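**Q** curious how this folds, go ahead:
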Amino acid sequence: MATGWLRGVVKEVVSGDTLVIAGTTKGPGPAPEKRITLASLIAPKLGKRDGSSKDEPFAWDSREFLRKKCIGQPCVFRVDYVVEAIGNREFGSVFLNQQDNVAIAVVANGWAKIRVGKEQSPYLEELTRAQEAAQSAGLGLWSKDPQRTARAVRETVGQEDDAANALLSRVGKGGMVDAVVEAVLGGSSMRITLLPTGSVSLVVNLAGVQCPSMGRKAVAEAAPASEDAGAVVPAPAVVAAPTAASIAASSAAEPFAREAKAFTEARVLNRDVKLVLEGVDKYGNLFGTVLFKAPAVLPGGAAPAAPAPEEQEHLAEQLLKQGLAKCVEWSLGLMASSVALRLRDVEKAAKAERKAIWTNYVPAPTNQTKLSDNFTGKVIEVVSGDCLVIKDAANGAERRVNLSSIRAPRPPARDRPAEAWASEAKEFLRKSIIGRSVEVKMEYNRKVLTPEMMLAGDGERTMAFGNVELVPEKGEEKQNVSEKVVARGFATVIKHRTDEERSCVYERLMACEELAKSSKRGVHSAKEPPANRVNDVSTPGSAAKAKQYLPFFQRAGKMTGVVEYVLGGHRLRVHIPKEGVTIVFAPSGIKTPSRPQPAANGKPAVQGEPFAEEAFAFTREVMMQRDVELTVDTMDRGGTFLGTVVLVPQQQQQGGGAASRLFNLALALLGKGLARLQPNVDPSRLPDGSEMVRLQQAAKEQRLKIWESWTPEMDRDEGSGDEGDDSRPSTASAAGASNGHTAAAASSAAAGSFAAAASAAGSSAASTSAASGPRPAGGRSQEVLTVTVTDVADANEFFVQAVGEPRVAWLAEQLSAVSLAEKPPIPPELKTGELCLAQFSLDQCWYRAYVERVNRSEPMYDMYFIDYGNRERVASNKVRTIDAALSAVPPQAIPCALAHIKVPEAGSDWSADARAYLATLLDGGKPFLAHVVSRDRADPKAKHPKQRNGKVTAVVVEPETKTNIAVEMLLAGMARLPKLRKVKDPAAREAIQAMQEYEDEARKNHRGMFMYGDPGDSDDEEQAAGGGRFGGAPRGGRR
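**A** Model (predicted):
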């Protein structure tokens, strides 16, 4: 090339004939620039952004052609002449790849015309030939189609106040649009034009980050040319770029503001980008994520960059990586949690490397300390939904571990009640991990001083946080405890500051929280948590109240409970969920060494006996918060219930017992030498008395623990003691008020009726309401039940269960806990009329059943499932005998019929169709409202369980759609109304008259039984069931 030629990269295309070319620089500041108008050319002018002037025809197409051809491309250029009359504008020639003349390419495609003047391009002849060819071909500006010329005028839209909101509402949050960056206002702010029309122009701010400000009055001075080291022939192009310090001193720009702007310009200015819409603030400012393809050559770079990857790069992330931006918490909230977390991590790395704006960064003081301690252990206690006590397998020490980066509802403490969902969160975690082996990765410590601690005079406390994962058992996958709690909605993820330590699975926790929010689980639910009513008789001075439960517990046999706390080596505080009561329990016939007692209430301190702490630690490890089975025999003077306690079968291995025998606490303590038999108790009267004597003797002979100094001569010198020896009050704190249901049950049990007690325990669970429901004539209150339908026997009879009935849940829990998988050696021989357990064929689960008929030849049993109302023939190997506690609960299936209508009789033409349609209406397990019209008298002594609950005749309504099931039957022609002359009750007559139009509609349209006309009348029709009036029944859900 000739002398005066310079090298550069096309940074910006202003119009169809003007470019901005950036030179190269080795300094820290922006690269020098030249604005070059192609010599001897004139292209159509673009309109103004505010819409005051329109584009000339083909102006947008001309600019787009030149932009797509040149932007980001390396070039050589030369200034051919300068016109002083128009502000010393420089006109020149630009070549791509040293051979492709840009001006000729523009003219040849018809996007510019030759300008005639005093100064001309040295390539005028080539330009003239190119223009003649384009003109003859009708290209671009030379088009002879007036319609195309009219369409070539772009309809521009100015920056409207609501343009951002309009775009967001049209595309949606997270939506992606194509755009071109017209101007870079700052490192994190730019003006874009939407493609392909180019009619909408908006200012976009990068979401999640903020660059140093350019200042309101920042002066962007054009730098004169300096000698370019990469020029073909050395010649002055632009002067050296100013330093960051000089820029900050001479303008209002913050330090590194120019560098951030130049960084953004070099990558996205005049380039096609993908804009992801994140949100709009209250001032109408649009925030989004800009994705771009890395340029092959960067303006101002000394050498070409590596080839651009196919994937899009994140502009905000690249700014953070170079230390030219910082995270902004409020706009990070607009982005997806995973993206926000990645941006925080990139900023943290830039801070550590002291890049750009972080050159003088000093970390803020924090109350956190990073940990790197890993250990394996066993979960001993669940303190709350986010706090565990874990026994270290290496040294046996118990360590309190808080789950990193999550917060569960707080349990009650001192003068503060429990937060909503606190008990549910703790119970969920207890059932999931108590007694399980876990791997713990400690992550950070945090010093805490709460207002409650300050009021109590406590000092600062250090809390240890870690990540806990369950050690997978056979057939399991590794599970993260924090993720389980958050996904179930029992904890929220803590929003950490940028410089705070956090969980190593923080991103997964955020995803679990989003899942819980979308599913409206737990704390994210709009529903109130279930009431947690507990009658606590474990507190000091509650012996009289506890004694009321003794007769009921003795008759109940085995009861399921949860060990809430271990008070001593052999004393437990146990909660019995079925009864809603908490008691103090101890195994009969044994005593462990007494623990030390501090001085209190004027009494001196009591020194602990040897091995008391070992016994306490053993019991705590195997029994704390475990599900247990209790059998109560008696009660001591202090209110402690005495009997037998074993772990439930599911926790056999966790409790340390053999797989072939239930883990019995008394036997385990005696076998390890941590307890002794009470001298005044006859072992022969205890259920495992002979085994207890054998284990104690074996422990003595092995000199275990308390027997380490034992000799045979010492047996005759042992003193006598009271059996319980636990008359002193329990140290457990008060936990709640009495439960009316439990008290009623206890009173009934004291009278000698287990069935009456069980009935009283759940008598108020049915959703009855006289005030909220409609009232029948005569001022009688009407009972309204919330029920689910369990079986449809025929069109005139179906079975329901009351929603929220605690006995239903208790039965399900009991049946799931009973081990029924192994077949008995000899199947039980049942007789007609016996209660048993039978396996239902569809789900292979066990339910309570009544033997209606014995088929000796097959052998098979005809069973009636007393809690659901359905019937099935069951093989003899699919039945088991039933426990007395299970058989004492009344049947839960309530027979029911629709009021005010007459359905086809069983065996008639339309009976099967009517039953099938009724089953369709009542299917799905959803709740219904049953407005009771009449109820048959219940007979608790009836032989068949079906007759023990009186049949209910009711108006059944689907609560969400207000659909009256009887009306639906009438509309389908599957039922008809009784004759009014047979109905004497005025309320029933009024209800029948209100539904007459639905029967008429079915008859008119020949539906169901009216397909061939009216099926006829009968003078012997039965009177419509019930006389109550359903005043609020809607008319036809489908009308």
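**Q** spatially central residue for the protein, please.
**A** Among the residues of the chain, the one closest to the centroid is residue 516, at 1.3 Å (Cα atoms, centre = their mean).
**Q** roughly how far does that one sit from residue 337?
**A** 13 Å (Cβ to Cβ, to the nearest Å). For the C-beta atoms, the positions are set from N, CA and C on the backbone; glycine is no exception.
**Q** tally of neighbours for residue 87?
**A** Neighbourhood size, residue 87 [other Cβ atoms under 10 Å]: 8.
**Q** now swap in residue 207 and tell me
**A** Using other Cβ under 10 Å, residue 207 has 25 other residues around it.
**Q** and what of residue 671?
**A** Residue 671 has 19 neighbours, counted by other Cβ under 10 Å.
**Q** swap in residue 363?
**A** For residue 363, using other Cβ under 10 Å, the count is 8.
**Q** does it count as helix, strand or coil?
**A** coil (DSSP: H, G, I helix; E, B strand; the rest coil).
**Q** could you find the closest non-adjacent residue to it?
**A** The shortest distance from residue 363 to any non-neighbouring residue, by Cβ to Cβ, 6 or more residues apart in numbering, is to residue 499 (6.1 Å).
**Q** cool, residue 126 as well?
**A** According to Cβ to Cβ, 6+ apart, the nearest residue to residue 126 is residue 104 (5.5 Å).
**Q** residue 800 too?
**A** In space, residue 800 is closest to residue 787, 3.9 Å off (Cβ to Cβ, 6+ apart).
**Q** doesn't the one you found belong to a strand?
**A** Yes. Under three-state DSSP, residue 787 sits within a strand.
**Q** what number of residues lie near the nearest residue to residue 505 once chain neighbours are set aside?
**A** Nearest residue to residue 505 in three dimensions, chain neighbours excluded: residue 480, at 5.9 Å (Cβ to Cβ, 6+ apart). The number of residues packed near residue 480 is 20, by other Cβ under 10 Å.
**Q** quick check: buried residues in the top helix by length along the chain?
**A** With secondary structure taken from DSSP state H, the chain has its longest helix at helix 337-352. Neighbour-count burial for helix 337-352, counted by 16 or more other Cβ atoms under 10 Å, picks out 337, 339, 340, 341, 342, 343, 344, 345, 346, 347, 350, 351.
**Q** ok, of those, which one's closest to residue 1002?
**A** residue 337 (55.4 Å; Cβ to Cβ).
**Q** do a quick rundown of the helices in the stretch 51-200 of the chain.
**A** Assigned by DSSP state H, counting those that start in this stretch, the helices in the stretch 51-200 of the chain fall at 59-70, 102-108, 124-137, 146-151, 163-171.
**Q** packing partners of the second one?
**A** Right, helix 102-108. Contacts defined by 3 or more Cβ pairs under 8 Å, 6 or more residues apart in numbering; DSSP states H and E place helix 102-108 against strand 33-38, strand 41-42, helix 59-70, strand 89-96, helix 124-137.
**Q** what's the closest of those to residue 903?
**A** Using Cβ to Cβ, the nearest of the helices and strands packed on helix 102-108 to residue 903 is helix 59-70, at 74.5 Å.
**Q** name the helices or strands packed onto that closest one?
**A** Packing contacts for helix 59-70, counted by 3+ Cβ pairs under 8 Å, 6+ apart, involve strand 6-15, strand 89-96, helix 102-108.
**Q** show me what contacts the residue nearest to the centre of the chain?
**A** The contact partners of residue 516, taken as Cβ atoms under 8 Å, 6 or more residues apart in numbering, are 486, 487, 488, 489, 522, 524.
**Q** okay, and which of those residues map to helices?
**A** If you go by DSSP H, the contacts of residue 516 have 486, 487 in helices.
**Q** let's see if you can find the most crowded of the contacts of residue 516.
**A** When neighbours are counted by other Cβ under 10 Å, residue 486 leads the contacts of residue 516 with 31 neighbours.
**Q** leaving out the residues flanking it, which one is nearest to that residue?
**A** Per Cβ to Cβ, 6+ apart, closest to residue 486 is residue 512, 4.3 Å.
**Q** what is the neighbour count of that neighbour?
**A** By other Cβ under 10 Å, 23 other residues sit near residue 512.
**Q** tell me how far it lies from residue 405.
**A** Taken as Cβ to Cβ, the span from residue 512 to residue 405 is 11 Å.
**Q** now for those two: what residues contact both?
**A** Shared contacts of residue 512 and residue 405, counting by Cβ under 8 Å, 6+ apart, come down to residue 493.
**Q** could you list the low-pLDDT ranges of the stretch 751-900 of the chain?
**A** Where the stretch 751-900 of the chain drops to pLDDT under 70, the residues are 751-781, 818-826.
**Q** how close does the closest residue in space to residue 530 that isn't next to it in sequence sit to residue 809?
**A** The shortest distance from residue 530 to any residue other than its chain neighbours is 7.6 Å, reached at residue 424 (Cβ to Cβ, 6+ apart). Using Cβ to Cβ, one gets 14 Å for the distance from residue 424 to residue 809.
**Q** what's the answer for residue 894, then?
**A** Going from residue 894 to residue 809 by Cβ to Cβ gives 16 Å.
**Q** would you mind telling me which of those two has more residues around it?
**A** residue 894 (24 against 14).
**Q** for the more buried one, give me its contacts.
**A** 787, 799, 800, 801, 802, 949, 952.
**Q** what does the fourth one show for phi and psi?
**A** Geometry field for residue 801 lists phi and psi as phi -120, psi 140, criterion degrees, to the nearest 10.
**Q** quick check: it vs residue 48, distance?
**A** 74 Å.
**Q** so between those two, which is more surrounded?
**A** residue 801 (20 against 12).
**Q** residue contacts, that one?
**A** The contact partners of residue 801, by Cβ under 8 Å, 6+ apart, come to 787, 788, 790, 808, 867, 868, 892, 893, 894.
**Q** now residue 1007
**A** 971, 972, 973.
**Q** and for the second one, the neighbour number?
**A** The one in question is residue 972. When neighbours are defined as other Cβ under 10 Å, residue 972 has 20 of them.
**Q** what of the first one?
**A** Residue 971 is surrounded by 24 other residues when neighbours are defined as other Cβ under 10 Å.
**Q** hmm, it is touching residue 1004, no?
**A** No. Residue 971 is beyond contact range of residue 1004, at 11.2 Å (criterion: Cβ atoms under 8 Å).
**Q** isn't there a helix covering residue 575?
**A** No. According to three-state DSSP, residue 575 belongs to no helix; its state is strand.
**Q** next one: it from residue 987, what distance?
**A** For residue 575, the distance to residue 987 - Cβ to Cβ - is 47 Å.
**Q** low pLDDT regions in the stretch 1-150 of the chain?
**A** Residues of the stretch 1-150 of the chain that meet the cut-off, pLDDT under 70, sit at 1-3, 26-29, 51.
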